[in-house]
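In: below are the sequence and a predicted model for it; my questions follow.
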Amino acid sequence: MHRPAEFRPAGATVRPGPGIPYPLQRAYVRLMMWLVGRLLQASSAVDPVIMREVAELPPGFAFAMRVRAGGPGFAMCEQDGRLRLMPLQQAGRLQLSFDFKHLTHAFLVLGFVEGTAVSFARDRMSVDGNLGAGMKIVRCLNRMEAVVLPKFVARRALKAYPPIGLGEKLAAATRIYARMLLQLVGGK
Amino acid sequence: MSQEFFEFFCPVKIAAGYKALEHIPFELEVRGASRPLLLSDAGVVAAGLVDTVTGAMGSGGASAGPLFDQVPPDSSMASVRAAVALYRERDCDSIIAIGGGSVMDTAKAVNILATEGGEDLQRFAGANNLTRPLKPFIAIPTTAGTGSEVTAVSIIKDEDSGTKMPFMSQFLLPDVAVIDPRTTLKLPALITAATALDALTHASEAFTCLAKNPLSDAYASAAITRIARSLIPVLDEPADAGGRLELALAAAMAGVAFNNSMVGLVHALGHSVGAIAGVHHGMCMGIFLPHVLRYNLDARREEIGEMLLYLAGPEIYASTPHSGRATAAIACIEALRDQAHQRCGLPRTLAETGKVQREDLPRIAAMSLDDGSMIFNPAEVGYDDALAVLEQAWA
Ligand SMILES: [Fe+2]
(Lines give C-alpha, C1' and ligand atoms only; values in the text may rest on other atoms or scores of the structure.)
Protein backbone atom coordinates (compact mmCIF):
# COMPACT_ATOMS: atom_id res chain seq x y z
CA MET A 1 0.00 0.00 0.00
CA HIS A 2 1.06 3.53 -0.56
CA ARG A 3 1.62 5.80 2.41
CA PRO A 4 -1.39 7.61 3.88
CA ALA A 5 -2.47 10.22 1.40
CA GLU A 6 -2.32 13.81 2.40
CA PHE A 7 -2.89 17.15 0.86
CA ARG A 8 0.30 19.12 0.89
CA PRO A 9 0.78 21.88 -1.63
CA ALA A 10 3.99 21.56 -3.60
CA GLY A 11 7.02 23.02 -1.87
CA ALA A 12 5.53 23.03 1.61
CA THR A 13 8.38 21.27 3.32
CA VAL A 14 9.07 23.79 6.07
CA ARG A 15 8.61 22.30 9.53
CA PRO A 16 8.08 25.19 11.92
CA GLY A 17 6.35 24.85 15.23
CA PRO A 18 8.20 23.00 17.93
CA GLY A 19 11.53 24.45 16.78
CA ILE A 20 10.44 28.05 17.05
CA PRO A 21 9.98 29.46 20.58
CA TYR A 22 6.41 30.40 21.41
CA PRO A 23 7.18 34.07 22.16
CA LEU A 24 8.54 34.39 18.62
CA GLN A 25 5.56 32.57 17.13
CA ARG A 26 3.25 34.81 19.13
CA ALA A 27 5.00 37.97 17.96
CA TYR A 28 4.88 36.79 14.33
CA VAL A 29 1.21 35.79 14.53
CA ARG A 30 0.34 39.10 16.17
CA LEU A 31 2.14 41.02 13.41
CA MET A 32 0.56 38.95 10.63
CA MET A 33 -2.95 39.17 12.08
CA TRP A 34 -2.48 42.93 12.09
CA LEU A 35 -1.16 42.92 8.53
CA VAL A 36 -3.79 40.56 7.10
CA GLY A 37 -6.57 42.65 8.67
CA ARG A 38 -5.09 45.83 7.24
CA LEU A 39 -4.61 44.27 3.80
CA LEU A 40 -8.17 42.93 3.73
CA GLN A 41 -9.52 46.33 4.70
CA ALA A 42 -7.49 48.01 1.98
CA SER A 43 -8.29 45.46 -0.71
CA SER A 44 -12.01 45.64 0.02
CA ALA A 45 -11.77 49.27 -1.11
CA VAL A 46 -9.74 48.84 -4.29
CA ASP A 47 -9.72 45.24 -5.55
CA PRO A 48 -12.68 44.51 -7.84
CA VAL A 49 -12.68 40.75 -7.17
CA ILE A 50 -12.82 41.25 -3.41
CA MET A 51 -15.30 44.10 -3.70
CA ARG A 52 -17.67 41.79 -5.59
CA GLU A 53 -17.52 39.23 -2.78
CA VAL A 54 -17.98 41.85 -0.04
CA ALA A 55 -20.97 43.31 -1.85
CA GLU A 56 -22.74 39.97 -1.42
CA LEU A 57 -22.22 39.77 2.37
CA PRO A 58 -25.20 40.41 4.63
CA PRO A 59 -25.23 44.08 5.74
CA GLY A 60 -23.10 44.66 8.85
CA PHE A 61 -21.69 41.14 8.65
CA ALA A 62 -19.05 40.78 11.40
CA PHE A 63 -16.36 38.12 11.61
CA ALA A 64 -13.11 37.44 13.41
CA MET A 65 -10.00 35.36 12.92
CA ARG A 66 -8.18 34.67 16.16
CA VAL A 67 -6.24 32.25 18.28
CA ARG A 68 -8.59 30.84 20.90
CA ALA A 69 -8.47 31.79 24.58
CA GLY A 70 -7.68 35.44 24.02
CA GLY A 71 -4.79 34.97 21.60
CA PRO A 72 -3.95 37.39 18.80
CA GLY A 73 -6.54 38.04 16.12
CA PHE A 74 -8.57 40.61 14.28
CA ALA A 75 -12.24 41.39 13.78
CA MET A 76 -13.91 43.09 10.82
CA CYS A 77 -17.36 44.05 9.73
CA GLU A 78 -19.03 44.99 6.49
CA GLN A 79 -19.84 48.68 6.25
CA ASP A 80 -20.99 50.45 3.08
CA GLY A 81 -19.77 47.63 0.88
CA ARG A 82 -16.31 47.48 2.45
CA LEU A 83 -14.64 45.57 5.23
CA ARG A 84 -13.61 47.64 8.24
CA LEU A 85 -11.44 46.55 11.13
CA MET A 86 -12.90 46.81 14.57
CA PRO A 87 -11.30 46.20 17.95
CA LEU A 88 -11.44 42.47 18.73
CA GLN A 89 -12.52 43.07 22.31
CA GLN A 90 -15.33 45.37 21.28
CA ALA A 91 -16.63 43.09 18.56
CA GLY A 92 -20.20 42.34 19.57
CA ARG A 93 -22.01 39.33 18.23
CA LEU A 94 -20.01 37.84 15.39
CA GLN A 95 -21.72 36.08 12.52
CA LEU A 96 -18.59 34.07 11.79
CA SER A 97 -15.37 33.19 13.55
CA PHE A 98 -12.24 31.35 12.57
CA ASP A 99 -10.74 30.17 15.87
CA PHE A 100 -7.33 28.51 15.76
CA LYS A 101 -7.13 25.89 18.50
CA HIS A 102 -3.46 26.67 19.14
CA LEU A 103 -0.95 29.41 18.41
CA THR A 104 1.21 27.15 16.22
CA HIS A 105 -1.74 26.40 13.93
CA ALA A 106 -2.16 30.12 13.27
CA PHE A 107 1.58 30.31 12.74
CA LEU A 108 1.35 27.65 10.00
CA VAL A 109 -1.44 29.46 8.16
CA LEU A 110 -0.09 32.98 8.56
CA GLY A 111 3.38 31.73 7.71
CA PHE A 112 1.79 30.50 4.45
CA VAL A 113 2.98 26.96 5.10
CA GLU A 114 -0.56 25.63 5.07
CA GLY A 115 -3.74 26.98 3.47
CA THR A 116 -6.87 27.98 5.35
CA ALA A 117 -8.81 25.05 3.83
CA VAL A 118 -6.20 22.49 4.87
CA SER A 119 -5.97 23.96 8.37
CA PHE A 120 -9.75 23.65 8.68
CA ALA A 121 -9.73 20.14 7.19
CA ARG A 122 -7.10 19.07 9.72
CA ASP A 123 -9.30 20.25 12.60
CA ARG A 124 -6.78 22.90 13.62
CA MET A 125 -9.38 25.63 13.65
CA SER A 126 -13.05 25.68 14.38
CA VAL A 127 -15.16 27.71 11.99
CA ASP A 128 -18.41 28.73 13.60
CA GLY A 129 -21.34 30.70 12.26
CA ASN A 130 -22.55 31.56 8.76
CA LEU A 131 -20.53 29.16 6.60
CA GLY A 132 -21.96 30.49 3.34
CA ALA A 133 -20.57 33.93 4.10
CA GLY A 134 -17.48 32.17 5.39
CA MET A 135 -16.86 30.84 1.89
CA LYS A 136 -16.91 34.42 0.59
CA ILE A 137 -14.39 35.49 3.25
CA VAL A 138 -12.16 32.54 2.38
CA ARG A 139 -12.29 33.57 -1.29
CA CYS A 140 -11.37 37.14 -0.30
CA LEU A 141 -8.39 35.82 1.67
CA ASN A 142 -7.36 33.57 -1.23
CA ARG A 143 -7.57 36.39 -3.76
CA MET A 144 -5.64 38.75 -1.49
CA GLU A 145 -2.91 36.17 -0.92
CA ALA A 146 -2.69 35.46 -4.64
CA VAL A 147 -2.23 39.14 -5.38
CA VAL A 148 -0.05 40.51 -2.58
CA LEU A 149 2.22 37.54 -1.94
CA PRO A 150 5.06 36.45 -4.20
CA LYS A 151 3.81 33.59 -6.38
CA PHE A 152 6.13 30.99 -4.85
CA VAL A 153 4.74 31.79 -1.40
CA ALA A 154 1.09 32.01 -2.44
CA ARG A 155 1.31 28.66 -4.24
CA ARG A 156 1.99 26.96 -0.92
CA ALA A 157 -1.00 28.53 0.78
CA LEU A 158 -3.59 28.06 -1.97
CA LYS A 159 -5.16 24.93 -3.44
CA ALA A 160 -4.56 26.41 -6.87
CA TYR A 161 -2.81 29.58 -7.93
CA PRO A 162 -5.30 31.56 -10.00
CA PRO A 163 -4.44 32.52 -13.58
CA ILE A 164 -3.33 36.10 -12.97
CA GLY A 165 -0.74 37.68 -15.24
CA LEU A 166 2.27 39.34 -13.66
CA GLY A 167 1.14 42.77 -14.83
CA GLU A 168 -2.32 42.39 -13.36
CA LYS A 169 -0.85 41.00 -10.14
CA LEU A 170 1.60 43.89 -9.71
CA ALA A 171 -1.01 46.50 -10.49
CA ALA A 172 -3.50 44.97 -8.05
CA ALA A 173 -0.87 44.56 -5.34
CA THR A 174 0.28 48.14 -5.78
CA ARG A 175 -3.27 49.42 -5.42
CA ILE A 176 -3.80 47.40 -2.25
CA TYR A 177 -0.50 48.35 -0.59
CA ALA A 178 -0.97 52.01 -1.56
CA ARG A 179 -4.47 52.02 -0.10
CA MET A 180 -3.19 50.37 3.07
CA LEU A 181 -0.48 53.01 3.51
CA LEU A 182 -3.00 55.74 2.85
CA GLN A 183 -5.33 54.30 5.47
CA LEU A 184 -2.44 54.03 7.95
CA VAL A 185 -1.28 57.60 7.34
CA GLY A 186 -4.85 58.82 7.38
CA GLY A 187 -5.30 57.05 10.70
CA LYS A 188 -8.36 55.21 9.40
CA MET B 1 7.71 14.64 12.02
CA SER B 2 4.64 15.01 9.81
CA GLN B 3 2.18 17.80 10.55
CA GLU B 4 -0.80 15.55 9.99
CA PHE B 5 -3.56 15.81 12.55
CA PHE B 6 -7.09 14.50 12.57
CA GLU B 7 -10.02 13.96 14.84
CA PHE B 8 -12.37 11.00 14.69
CA PHE B 9 -15.45 10.59 16.82
CA CYS B 10 -18.33 8.12 16.71
CA PRO B 11 -19.93 7.19 20.03
CA VAL B 12 -23.05 5.72 18.36
CA LYS B 13 -23.75 2.11 19.24
CA ILE B 14 -24.62 0.24 16.07
CA ALA B 15 -27.10 -2.60 16.67
CA ALA B 16 -27.34 -4.36 13.34
CA GLY B 17 -28.71 -7.55 11.84
CA TYR B 18 -31.16 -10.30 12.72
CA LYS B 19 -33.99 -9.12 15.00
CA ALA B 20 -32.17 -5.88 15.71
CA LEU B 21 -35.48 -4.12 16.37
CA GLU B 22 -36.23 -6.60 19.18
CA HIS B 23 -33.23 -5.14 21.06
CA ILE B 24 -34.83 -1.71 21.44
CA PRO B 25 -36.46 -2.34 24.86
CA PHE B 26 -33.08 -3.49 26.20
CA GLU B 27 -31.33 -0.41 24.82
CA LEU B 28 -33.92 1.85 26.46
CA GLU B 29 -33.70 0.02 29.75
CA VAL B 30 -29.91 0.29 30.06
CA ARG B 31 -30.30 4.02 29.53
CA GLY B 32 -32.88 4.31 32.29
CA ALA B 33 -35.68 5.13 29.85
CA SER B 34 -39.14 3.59 29.63
CA ARG B 35 -41.43 6.12 27.93
CA PRO B 36 -40.10 6.84 24.43
CA LEU B 37 -41.74 9.23 21.97
CA LEU B 38 -41.89 7.61 18.52
CA LEU B 39 -41.22 10.02 15.66
CA SER B 40 -42.01 9.18 12.07
CA ASP B 41 -43.78 10.38 8.92
CA ALA B 42 -46.93 9.41 7.06
CA GLY B 43 -45.08 7.46 4.36
CA VAL B 44 -43.22 5.32 6.87
CA VAL B 45 -46.45 4.66 8.76
CA ALA B 46 -48.23 3.73 5.52
CA ALA B 47 -45.43 1.31 4.66
CA GLY B 48 -46.20 -0.47 7.91
CA LEU B 49 -42.75 0.17 9.35
CA VAL B 50 -43.91 1.81 12.58
CA ASP B 51 -46.07 -1.27 13.16
CA THR B 52 -43.03 -3.45 12.52
CA VAL B 53 -41.09 -1.52 15.17
CA THR B 54 -43.85 -1.44 17.76
CA GLY B 55 -44.56 -5.11 17.06
CA ALA B 56 -40.92 -5.98 17.66
CA MET B 57 -40.89 -3.97 20.88
CA GLY B 58 -44.17 -5.46 22.05
CA SER B 59 -43.08 -9.04 21.34
CA GLY B 60 -40.91 -8.85 24.45
CA GLY B 61 -43.63 -7.26 26.53
CA ALA B 62 -42.51 -3.63 26.21
CA SER B 63 -44.95 -0.86 25.28
CA ALA B 64 -43.95 1.51 22.53
CA GLY B 65 -45.19 4.90 23.70
CA PRO B 66 -46.96 7.76 21.88
CA LEU B 67 -46.39 8.30 18.16
CA PHE B 68 -45.86 11.61 16.35
CA ASP B 69 -46.24 10.79 12.64
CA GLN B 70 -46.55 14.28 11.14
CA VAL B 71 -42.94 14.94 10.17
CA PRO B 72 -43.02 16.63 6.72
CA PRO B 73 -40.62 15.64 3.88
CA ASP B 74 -38.58 18.78 4.71
CA SER B 75 -38.15 18.94 8.48
CA SER B 76 -39.85 22.08 9.78
CA MET B 77 -39.94 24.18 12.95
CA ALA B 78 -43.70 23.72 13.28
CA SER B 79 -43.41 19.95 13.36
CA VAL B 80 -40.55 20.14 15.87
CA ARG B 81 -42.72 22.26 18.17
CA ALA B 82 -45.72 19.95 17.80
CA ALA B 83 -43.62 16.89 18.55
CA VAL B 84 -42.05 18.55 21.61
CA ALA B 85 -45.53 19.42 22.87
CA LEU B 86 -46.57 15.75 22.60
CA TYR B 87 -43.32 14.68 24.30
CA ARG B 88 -44.11 16.91 27.27
CA GLU B 89 -47.79 16.16 27.39
CA ARG B 90 -47.11 12.42 27.57
CA ASP B 91 -44.19 12.83 29.98
CA CYS B 92 -41.76 11.00 27.69
CA ASP B 93 -38.15 10.35 28.68
CA SER B 94 -36.54 9.28 25.39
CA ILE B 95 -36.92 9.42 21.60
CA ILE B 96 -37.14 6.76 18.90
CA ALA B 97 -36.93 8.04 15.32
CA ILE B 98 -38.17 5.80 12.51
CA GLY B 99 -37.60 7.25 9.06
CA GLY B 100 -35.24 8.94 6.63
CA GLY B 101 -33.17 12.11 6.88
CA SER B 102 -36.04 14.47 7.65
CA VAL B 103 -37.34 12.35 10.55
CA MET B 104 -33.79 12.05 11.95
CA ASP B 105 -33.21 15.80 11.68
CA THR B 106 -36.53 16.47 13.40
CA ALA B 107 -35.79 13.98 16.17
CA LYS B 108 -32.43 15.66 16.88
CA ALA B 109 -34.09 19.07 17.16
CA VAL B 110 -36.91 17.67 19.30
CA ASN B 111 -34.28 16.19 21.60
CA ILE B 112 -32.70 19.63 22.07
CA LEU B 113 -35.92 21.19 23.35
CA ALA B 114 -36.99 18.04 25.22
CA THR B 115 -33.73 18.23 27.17
CA GLU B 116 -33.06 21.94 27.44
CA GLY B 117 -36.67 23.04 27.90
CA GLY B 118 -38.31 26.14 26.48
CA GLU B 119 -39.43 26.86 22.91
CA ASP B 120 -36.43 28.73 21.56
CA LEU B 121 -34.61 26.42 19.19
CA GLN B 122 -32.79 29.28 17.47
CA ARG B 123 -30.37 29.84 20.36
CA PHE B 124 -28.90 26.37 19.84
CA ALA B 125 -28.42 26.85 16.08
CA GLY B 126 -24.93 26.79 14.62
CA ALA B 127 -21.93 24.78 15.70
CA ASN B 128 -21.26 23.55 19.22
CA ASN B 129 -24.01 25.44 20.99
CA LEU B 130 -25.01 22.46 23.11
CA THR B 131 -23.01 21.73 26.24
CA ARG B 132 -24.43 18.54 27.71
CA PRO B 133 -25.81 15.16 26.69
CA LEU B 134 -29.44 15.00 25.58
CA LYS B 135 -32.18 12.44 26.29
CA PRO B 136 -31.69 8.81 25.18
CA PHE B 137 -32.20 8.71 21.42
CA ILE B 138 -32.56 5.62 19.24
CA ALA B 139 -32.45 6.02 15.46
CA ILE B 140 -33.97 3.49 13.08
CA PRO B 141 -33.19 4.44 9.46
CA THR B 142 -35.76 3.36 6.86
CA THR B 143 -33.65 4.38 3.86
CA ALA B 144 -30.11 3.19 3.25
CA GLY B 145 -28.50 6.48 2.31
CA THR B 146 -28.34 9.62 4.39
CA GLY B 147 -26.38 8.16 7.28
CA SER B 148 -28.23 10.59 9.59
CA GLU B 149 -28.36 7.85 12.22
CA VAL B 150 -24.63 8.42 12.83
CA THR B 151 -24.19 12.13 12.06
CA ALA B 152 -24.03 15.07 14.44
CA VAL B 153 -25.97 17.46 12.21
CA SER B 154 -29.58 18.51 11.87
CA ILE B 155 -31.13 20.96 9.40
CA ILE B 156 -34.53 22.45 10.24
CA LYS B 157 -36.50 24.71 7.93
CA ASP B 158 -37.77 27.84 9.62
CA GLU B 159 -41.03 28.60 7.80
CA ASP B 160 -41.17 32.13 9.25
CA SER B 161 -37.87 33.34 7.84
CA GLY B 162 -37.72 30.89 4.94
CA THR B 163 -34.19 29.89 5.96
CA LYS B 164 -32.68 26.58 6.93
CA MET B 165 -31.26 26.43 10.43
CA PRO B 166 -28.27 24.12 10.84
CA PHE B 167 -27.40 22.49 14.16
CA MET B 168 -24.05 20.83 14.71
CA SER B 169 -23.05 19.25 17.99
CA GLN B 170 -21.68 15.91 19.10
CA PHE B 171 -24.62 15.75 21.52
CA LEU B 172 -27.04 15.40 18.59
CA LEU B 173 -25.65 11.96 17.79
CA PRO B 174 -28.10 9.15 18.55
CA ASP B 175 -27.17 6.76 21.34
CA VAL B 176 -28.07 3.75 19.23
CA ALA B 177 -28.57 3.21 15.50
CA VAL B 178 -30.71 0.12 14.94
CA ILE B 179 -30.09 -1.39 11.52
CA ASP B 180 -32.54 -4.13 10.67
CA PRO B 181 -33.06 -5.40 7.11
CA ARG B 182 -36.83 -5.34 7.65
CA THR B 183 -36.87 -1.53 7.65
CA THR B 184 -35.56 -1.21 4.08
CA LEU B 185 -37.00 -4.38 2.56
CA LYS B 186 -39.91 -2.62 0.81
CA LEU B 187 -38.02 0.45 -0.37
CA PRO B 188 -38.96 1.07 -4.06
CA ALA B 189 -36.18 0.37 -6.56
CA LEU B 190 -35.64 4.01 -7.56
CA ILE B 191 -35.27 5.17 -3.96
CA THR B 192 -33.04 2.19 -3.18
CA ALA B 193 -30.72 3.19 -6.03
CA ALA B 194 -30.75 6.93 -5.33
CA THR B 195 -30.08 6.54 -1.60
CA ALA B 196 -27.35 3.97 -2.27
CA LEU B 197 -25.63 6.47 -4.57
CA ASP B 198 -25.93 9.09 -1.83
CA ALA B 199 -24.12 6.70 0.53
CA LEU B 200 -21.56 5.87 -2.18
CA THR B 201 -20.95 9.59 -2.58
CA HIS B 202 -20.53 10.10 1.18
CA ALA B 203 -17.91 7.37 1.19
CA SER B 204 -16.19 8.57 -2.00
CA GLU B 205 -16.01 12.19 -0.86
CA ALA B 206 -14.84 11.23 2.64
CA PHE B 207 -12.16 9.13 0.95
CA THR B 208 -10.96 11.81 -1.47
CA CYS B 209 -11.53 15.19 0.19
CA LEU B 210 -9.17 17.30 2.27
CA ALA B 211 -10.22 16.05 5.70
CA LYS B 212 -9.71 12.36 4.95
CA ASN B 213 -7.96 10.43 7.70
CA PRO B 214 -6.97 6.80 8.32
CA LEU B 215 -10.03 5.95 10.42
CA SER B 216 -12.61 7.52 8.14
CA ASP B 217 -10.83 5.81 5.22
CA ALA B 218 -11.47 2.44 6.85
CA TYR B 219 -15.19 3.15 7.13
CA ALA B 220 -15.40 4.69 3.65
CA SER B 221 -13.66 1.81 1.90
CA ALA B 222 -15.84 -0.77 3.70
CA ALA B 223 -18.93 1.15 2.62
CA ILE B 224 -17.84 1.38 -1.03
CA THR B 225 -17.15 -2.38 -1.12
CA ARG B 226 -20.65 -3.21 0.13
CA ILE B 227 -22.53 -0.82 -2.13
CA ALA B 228 -20.59 -1.97 -5.20
CA ARG B 229 -21.36 -5.61 -4.56
CA SER B 230 -24.95 -5.35 -3.25
CA LEU B 231 -26.78 -2.58 -5.07
CA ILE B 232 -27.49 -4.35 -8.37
CA PRO B 233 -28.34 -7.72 -6.74
CA VAL B 234 -30.82 -5.92 -4.46
CA LEU B 235 -32.42 -4.09 -7.41
CA ASP B 236 -32.78 -7.49 -9.14
CA GLU B 237 -34.07 -9.24 -6.03
CA PRO B 238 -35.73 -6.63 -3.75
CA ALA B 239 -36.55 -9.19 -1.04
CA ASP B 240 -32.85 -10.06 -0.61
CA ALA B 241 -32.59 -9.31 3.13
CA GLY B 242 -28.84 -9.96 3.22
CA GLY B 243 -28.21 -7.46 0.45
CA ARG B 244 -30.55 -4.94 2.07
CA LEU B 245 -28.62 -5.25 5.32
CA GLU B 246 -25.34 -4.70 3.46
CA LEU B 247 -26.68 -1.51 1.89
CA ALA B 248 -28.00 -0.24 5.23
CA LEU B 249 -24.68 -1.02 6.93
CA ALA B 250 -22.83 0.69 4.11
CA ALA B 251 -24.96 3.79 4.52
CA ALA B 252 -24.15 3.88 8.25
CA MET B 253 -20.43 3.34 7.64
CA ALA B 254 -20.38 6.02 4.95
CA GLY B 255 -22.19 8.26 7.45
CA VAL B 256 -19.52 7.68 10.07
CA ALA B 257 -16.87 8.43 7.45
CA PHE B 258 -18.29 11.72 6.22
CA ASN B 259 -19.39 12.86 9.67
CA ASN B 260 -15.67 12.91 10.42
CA SER B 261 -14.17 13.76 7.04
CA MET B 262 -16.86 15.91 5.47
CA VAL B 263 -17.92 16.00 1.83
CA GLY B 264 -16.92 18.12 -1.17
CA LEU B 265 -17.94 19.37 -4.60
CA VAL B 266 -20.55 16.65 -5.31
CA HIS B 267 -22.54 17.77 -2.29
CA ALA B 268 -21.97 21.47 -2.93
CA LEU B 269 -23.51 21.05 -6.41
CA GLY B 270 -26.19 18.65 -5.16
CA HIS B 271 -27.36 20.99 -2.39
CA SER B 272 -27.78 23.79 -4.94
CA VAL B 273 -29.64 21.64 -7.49
CA GLY B 274 -31.86 20.42 -4.65
CA ALA B 275 -32.59 23.97 -3.51
CA ILE B 276 -33.18 25.43 -6.99
CA ALA B 277 -34.80 22.56 -8.88
CA GLY B 278 -36.02 20.22 -6.14
CA VAL B 279 -34.20 17.17 -7.49
CA HIS B 280 -33.90 14.22 -5.05
CA HIS B 281 -30.58 14.46 -3.20
CA GLY B 282 -29.48 10.91 -4.01
CA MET B 283 -30.23 11.38 -7.71
CA CYS B 284 -28.05 14.51 -7.77
CA MET B 285 -25.26 12.53 -6.14
CA GLY B 286 -25.42 9.79 -8.75
CA ILE B 287 -25.34 12.34 -11.56
CA PHE B 288 -22.42 14.39 -10.25
CA LEU B 289 -20.14 11.83 -8.60
CA PRO B 290 -18.29 10.60 -11.73
CA HIS B 291 -17.88 14.11 -13.15
CA VAL B 292 -16.52 15.47 -9.90
CA LEU B 293 -14.09 12.58 -9.44
CA ARG B 294 -12.84 13.34 -12.95
CA TYR B 295 -12.52 17.02 -12.01
CA ASN B 296 -10.52 16.05 -8.90
CA LEU B 297 -8.38 13.54 -10.76
CA ASP B 298 -5.15 15.55 -10.78
CA ALA B 299 -5.37 16.35 -7.08
CA ARG B 300 -6.44 12.86 -6.00
CA ARG B 301 -5.34 10.29 -8.62
CA GLU B 302 -3.83 7.94 -6.05
CA GLU B 303 -6.93 7.82 -3.82
CA ILE B 304 -9.41 7.50 -6.67
CA GLY B 305 -7.22 4.72 -8.10
CA GLU B 306 -7.35 2.91 -4.76
CA MET B 307 -11.15 3.06 -4.88
CA LEU B 308 -10.99 0.59 -7.79
CA LEU B 309 -10.06 -2.11 -5.27
CA TYR B 310 -13.27 -1.52 -3.33
CA LEU B 311 -15.46 -0.98 -6.39
CA ALA B 312 -14.26 -3.82 -8.59
CA GLY B 313 -12.48 -6.25 -6.27
CA PRO B 314 -8.89 -7.49 -6.05
CA GLU B 315 -8.77 -9.37 -9.39
CA ILE B 316 -9.60 -6.35 -11.50
CA TYR B 317 -7.57 -4.01 -9.31
CA ALA B 318 -4.48 -6.17 -9.64
CA SER B 319 -4.85 -6.57 -13.39
CA THR B 320 -5.29 -2.85 -14.02
CA PRO B 321 -2.03 -0.94 -14.40
CA HIS B 322 -1.42 1.65 -11.70
CA SER B 323 -1.77 4.53 -14.12
CA GLY B 324 -5.21 3.38 -15.28
CA ARG B 325 -6.83 2.63 -11.95
CA ALA B 326 -8.35 6.04 -11.26
CA THR B 327 -10.14 6.26 -14.60
CA ALA B 328 -11.20 2.62 -14.26
CA ALA B 329 -12.70 3.42 -10.83
CA ILE B 330 -14.71 6.27 -12.31
CA ALA B 331 -15.88 3.98 -15.13
CA CYS B 332 -17.02 1.47 -12.48
CA ILE B 333 -19.18 4.10 -10.82
CA GLU B 334 -20.66 5.09 -14.17
CA ALA B 335 -21.40 1.44 -14.94
CA LEU B 336 -23.12 1.05 -11.56
CA ARG B 337 -25.23 4.13 -12.26
CA ASP B 338 -26.11 2.93 -15.77
CA GLN B 339 -27.10 -0.53 -14.52
CA ALA B 340 -29.34 1.16 -11.94
CA HIS B 341 -30.79 3.31 -14.73
CA GLN B 342 -31.70 0.22 -16.76
CA ARG B 343 -33.44 -1.34 -13.79
CA CYS B 344 -35.35 1.58 -12.29
CA GLY B 345 -34.86 4.67 -14.44
CA LEU B 346 -32.40 6.39 -12.11
CA PRO B 347 -31.46 9.59 -13.98
CA ARG B 348 -27.94 9.67 -15.41
CA THR B 349 -27.93 13.34 -16.39
CA LEU B 350 -29.47 16.57 -15.17
CA ALA B 351 -31.63 16.65 -18.31
CA GLU B 352 -33.01 13.20 -17.52
CA THR B 353 -34.33 14.41 -14.17
CA GLY B 354 -36.85 16.52 -16.07
CA LYS B 355 -36.70 19.14 -13.34
CA VAL B 356 -33.62 21.22 -14.10
CA GLN B 357 -33.68 24.01 -16.69
CA ARG B 358 -30.47 24.55 -18.57
CA GLU B 359 -30.78 28.32 -18.00
CA ASP B 360 -30.54 27.62 -14.25
CA LEU B 361 -27.04 26.16 -14.45
CA PRO B 362 -25.24 29.52 -13.90
CA ARG B 363 -27.37 30.20 -10.82
CA ILE B 364 -26.69 26.68 -9.52
CA ALA B 365 -22.94 27.15 -10.07
CA ALA B 366 -22.91 30.48 -8.23
CA MET B 367 -24.88 29.08 -5.32
CA SER B 368 -22.65 26.04 -4.95
CA LEU B 369 -19.56 28.23 -4.45
CA ASP B 370 -21.01 29.38 -1.12
CA ASP B 371 -21.72 25.87 0.09
CA GLY B 372 -19.63 24.94 3.12
CA SER B 373 -18.71 21.58 1.57
CA MET B 374 -16.73 23.38 -1.11
CA ILE B 375 -13.87 24.14 1.25
CA PHE B 376 -13.08 20.43 1.65
CA ASN B 377 -12.89 19.68 -2.06
CA PRO B 378 -9.29 18.73 -2.89
CA ALA B 379 -9.12 20.80 -6.08
CA GLU B 380 -9.93 24.51 -6.07
CA VAL B 381 -13.29 25.28 -7.69
CA GLY B 382 -14.16 28.63 -9.24
CA TYR B 383 -17.40 29.70 -10.88
CA ASP B 384 -16.29 28.62 -14.36
CA ASP B 385 -15.16 25.23 -13.04
CA ALA B 386 -18.46 24.59 -11.29
CA LEU B 387 -20.37 25.60 -14.40
CA ALA B 388 -18.21 23.32 -16.56
CA VAL B 389 -18.97 20.32 -14.31
CA LEU B 390 -22.69 21.17 -14.46
CA GLU B 391 -22.53 21.35 -18.26
CA GLN B 392 -20.83 17.94 -18.40
CA ALA B 393 -23.57 16.55 -16.18
CA TRP B 394 -26.30 18.11 -18.29
CA ALA B 395 -26.68 15.42 -20.93
FE1 LIG C 1 -25.56 13.20 0.88
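Out: Yep, it's here.
In: helices or strands up against whichever strand or helix holds A:Val147?
Out: Counting by DSSP states H and E, the element that carries A:Val147 is helix A:131-148. Helices and strands touching helix A:131-148, by 3 or more C-beta pairs under 8 Å, 6 or more residues apart in numbering or on different chains; DSSP states H and E, are helix A:22-46, helix A:48-55, strand A:62-67, strand A:96-100, helix A:116-121, helix A:151-157, helix A:166-185. For the C-beta atoms, the positions are set from N, CA and C on the backbone; glycine is no exception.
In: can we see that at 7 Å?
Out: helix A:22-46, helix A:48-55, strand A:96-100, helix A:151-157, helix A:166-185 (3 or more C-beta pairs under 7 Å, 6 or more residues apart in numbering or on different chains; DSSP states H and E).
In: how far out from the middle of the chain is the longest one?
Out: So that's helix A:22-46. Counting by C-alpha atoms, centre = their mean, to the nearest Å, helix A:22-46 is centred 8 Å from the centre of its parent chain.
In: residues making contact with that helix?
Out: Applying C-beta atoms under 7 Å, 6 or more residues apart in numbering or on different chains, the external contacts of helix A:22-46 come out as A:50-51, A:54, A:65, A:67, A:72-74, A:76, A:82-85, A:103-104, A:106-107, A:110, A:140, A:144, A:148, A:175-176, A:179-180, A:183.
In: that one: which residues count as buried?
Out: A:25-26, A:28-30, A:32-33, A:36-46 (16 or more other C-beta atoms under 10 Å in any protein chain shown).
In: didn't A:Phe112 look like it was pressed against A:Ala157?
Out: Yes - between A:Phe112 and A:Ala157 there is a contact at 4.2 Å, judged by C-beta atoms under 7 Å.
In: ok, these two, which is more surrounded?
Out: Higher neighbour count among A:Phe112 and A:Ala157: A:Ala157, with 26 against 21, using other C-beta atoms under 10 Å in any protein chain shown.
In: and the gap between that one and A:Val67?
Out: 18 Å (C-beta to C-beta, to the nearest Å).
In: now the helix or strand harbouring B:Ala251: mean pLDDT?
Out: Taking DSSP H and E as the definition, B:Ala251 sits inside helix B:241-261. Averaged across helix B:241-261, the pLDDT comes to 96.
In: what's it in contact with?
Out: By C-beta under 7 Å, 6+ apart, helix B:241-261 touches B:8-10, B:14, B:16-17, B:141, B:144-145, B:147, B:149-152, B:177, B:179, B:181, B:184-185, B:196, B:199, B:202-203, B:205-206, B:209, B:211-213, B:216, B:219-220, B:222-223, B:226-227, B:230-231, B:233-234.
In: packing partners of whichever helix or strand comes after that helix?
Out: As assigned by DSSP H and E, the chain's next helix or strand after helix B:241-261 is helix B:265-277. Counting contacts by 3+ C-beta pairs under 7 Å, 6+ apart, helix B:265-277 packs against helix B:189-208, helix B:281-295, helix B:361-369, helix B:383-394.
In: and whatever helix or strand comes next after the second one with chain A, contact?
Out: Right, helix B:281-295. The element immediately downstream of helix B:281-295 (helix or strand, assigned by DSSP H and E) is helix B:297-312. Yes - Helix B:297-312 reaches chain A (C-beta under 7 Å from any C-beta of the partner chain) through B:302-303.
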